[in-house]
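**Q** sequence first, predicted coordinates after that:
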Amino acid sequence: MKAIRIHEPGDITVLRYEDTDVPEPGVGQVRVRLHAAGINHRDIWVRQGNFGHPAEPVIPGSDGAGEVDAIGAGVTRWSVGQKVVVNPGLSCGACPACLSGNQPACRMFRIFDGTYAEYVVVPEENLAAMPGGLTFAEAASIGIPYVTAEDFLIRAQALPGQTMLLWGATGGLGLATLQLAKLRGMRVIAVTRSQHRSEKLRQYGADEVLVFNPGEDVADAVMGLTQGRGADIVVDSIGRDSFPQSLSATARGGVIVTVGSTTGGQVTFELGQLFRSRITLLGAFMGSASILPRILPLFSRGLLVPVIDNTYPLEQADQAHDQMEHHGVFGKIILTM
């Protein structure tokens, strides 16, 4: 099969389009012939070696959609030909956290890699039925962004009428969060670095849009929009460049969700600002296995809409990474096979 493999960490030139063996499904595993894979910022970190340097070549990619191609011994949930979506969180399946449905609390929890390929093998429990009305590209755009966003909105106890400040609103995670927040009846103040994407954000439900440039005071603008109260929930995927303002923009008793650090993870703040205002700091990393099959029908019903910025053939994964890193996105970038 053809796949994108990384032999050593580095820039986009280390993404090699090459031949490798078609994987065989083992006991309890399913082989999927992929038609599309979604690109996440995490894939760039994998390429750069931020999660270590494995001895064997790595096939990046966590989100994907395709058809069941072969099943291993003991598989009961799936049959050849079914259309499926990869559910990318892997866990042991046997510890108290897994048995209670809280897979991200499993000590063995990790995010799957391997969808930049024509075929992939996954445990049968890591697939969800692809709903009707979606293309493979649309289905491949859902996994990590929507599962992560739905999980942290549940944990943050998001409620109708609350105000959310949403950094990085134009990315895949940002647009997933925006749509899920609006389904809950929340008011969303979206932040973007791009003036020309402001109107598109409003089309997807943003109530107000702030264009952020380094040095500008987003927190002051949020206070103005909320009559000095601040945002009930702040979703921060930016990190170093945004976190101090996130802290200042959060309402008393509010929640800051930290779900990424695209500008760097080293931040400094005064602890008193956190505890005196009774602010909860919530770390978000994927979500439970039950979320993906539960929300997929919402796409068929039109309550959630996959947003795809661009598609590239698998062999142009380097160009796709270059766009994500240097040219910006509105929604998801997809690789097609």
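**A** It's in.

**Q** going forward, measure contacts between C-alpha atoms and count neighbours the same way
**A** Will do.

**Q** neighbouring contacts of stretch 241-259?
**A** Residues from elsewhere that reach stretch 241-259 (CA atoms under 8 Å, 6 or more residues apart in numbering): 152, 156, 167, 214, 217-220, 222-223, 229-237, 239, 263-264, 267-269, 273-274, 277-285.

**Q** need the buried ones from the residues you listed selected in ChimeraX.
**A** Filtering the contacts of stretch 241-259 down to the buried ones (16 or more other CA atoms under 10 Å) takes a single ChimeraX command:
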select :152,156,167,218,219,222,223,230,231,232,233,234,235,236,237,239,274,279,280,284,285
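
**Q** so which of the contacts of stretch 241-259 belong to strands?
**A** Among the contacts of stretch 241-259, the residues falling in strands (DSSP state E) are 231-236, 280-283.

**Q** pretty sure Ile39 is touching Gly331, no?
**A** No. Assessed by CA atoms under 8 Å, Ile39 is found out of contact with Gly331, at 10.3 Å.

**Q** which pLDDT value belongs to the most centrally placed residue in the chain?
**A** Central residue check for the chain by CA atoms, centre = their mean: the C-alpha nearest the mean position is that of Pro145, 2.6 Å away. Per-residue confidence (pLDDT) for Pro145: 97.

**Q** over to Phe275?
**A** Among the per-residue scores, Phe275 shows a pLDDT of 94.

**Q** what is the burial count for it?
**A** Other residues within reach of Phe275 by the criterion other CA atoms under 10 Å amount to 12.

**Q** how about the helices in the stretch 51-200 of the chain?
**A** Under the criterion DSSP state H, counting those that start in this stretch, the stretch 51-200 of the chain contains helices at 96-99, 136-139, 143-155, 172-183, 198-203.

**Q** check which helices and strands the third one sits against.
**A** When contacts are defined as 3 or more CA pairs under 8 Å, 6 or more residues apart in numbering; DSSP states H and E, helix 143-155 sits against strand 63-71, helix 172-183, helix 291-300.

**Q** pick the most deeply packed of the ones you listed.
**A** Mean neighbours per residue, mean count of other CA atoms under 10 Å, is largest over the helices and strands packed on helix 143-155 for strand 63-71, with a mean of 25.

**Q** and it with helix 143-155, angle?
**A** 110 degrees (axes from the mean of the first three to the mean of the last three CA atoms, to 10 degrees).

**Q** got the CA coordinates for strand 63-71 in CSV?
**A** The C-alpha trace of strand 63-71 is given here as CSV (Å, rounded to 0.1, in the frame of the first residue of the first chain):
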residue,chain,number,x,y,z
ASP,A,63,-8.7,10.8,12.0
GLY,A,64,-10.0,8.8,9.0
ALA,A,65,-13.0,7.3,7.3
GLY,A,66,-13.3,4.4,4.9
GLU,A,67,-14.7,0.9,4.4
VAL,A,68,-14.1,-2.3,6.4
ASP,A,69,-11.8,-4.4,4.3
ALA,A,70,-11.0,-7.4,6.5
ILE,A,71,-11.8,-8.6,10.1
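
**Q** low pLDDT regions in the stretch 101-250 of the chain?
**A** Applying pLDDT under 70 to the stretch 101-250 of the chain picks out residues 215.

**Q** before we move on, the earlier item: so who does the residue nearest to the centre of the chain touch?
**A** If you count contacts by CA under 8 Å, 6+ apart, Pro145 has them with 172-174, 176-177.

**Q** same thing with Phe299?
**A** 131, 134, 305-306.

**Q** just those now: which is nearest Gly61?
**A** Pro306 (18.1 Å; CA to CA).

**Q** how close does Gln82 get to Asp241?
**A** Look at Gln82 and Asp241: by CA to CA, to the nearest Å, they are 44 Å apart.

**Q** what about the two, which has more around it?
**A** The residue with the greater number of neighbours, taking Gln82 and Asp241 and applying other CA under 10 Å, is Asp241; the counts read 18 against 13.

**Q** now do the SS call for that one.
**A** Taking DSSP: H, G, I helix; E, B strand; the rest coil as the rule, one finds Asp241 in the coil state.

**Q** next one: it from Thr263, what distance?
**A** 6 Å.

**Q** what does Ala169 give?
**A** Per CA to CA, Ala169 is found 15 Å from Thr263.

**Q** need the CA coordinates for the longest strand seen in the chain. PDB is fine.
**A** For the chain, the longest strand by residue count, based on DSSP E, is strand 29-39. Included here for strand 29-39 are C-alpha records, laid out as PDB according to Å, rounded to 0.1, in the frame of the first residue of the first chain:
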ATOM      1  CA  GLN A  29      -9.000  -6.000  15.100                       C
ATOM      2  CA  VAL A  30     -10.400  -4.600  11.800                       C
ATOM      3  CA  ARG A  31      -8.600  -3.500   8.700                       C
ATOM      4  CA  VAL A  32     -10.100  -0.400   7.100                       C
ATOM      5  CA  ARG A  33      -9.500   0.700   3.500                       C
ATOM      6  CA  LEU A  34      -9.300   4.400   4.100                       C
ATOM      7  CA  HIS A  35     -10.700   7.000   1.600                       C
ATOM      8  CA  ALA A  36      -9.900  10.100   3.600                       C
ATOM      9  CA  ALA A  37      -7.800  11.300   6.600                       C
ATOM     10  CA  GLY A  38      -8.200  14.400   8.600                       C
ATOM     11  CA  ILE A  39      -5.100  16.500   9.500                       C
END
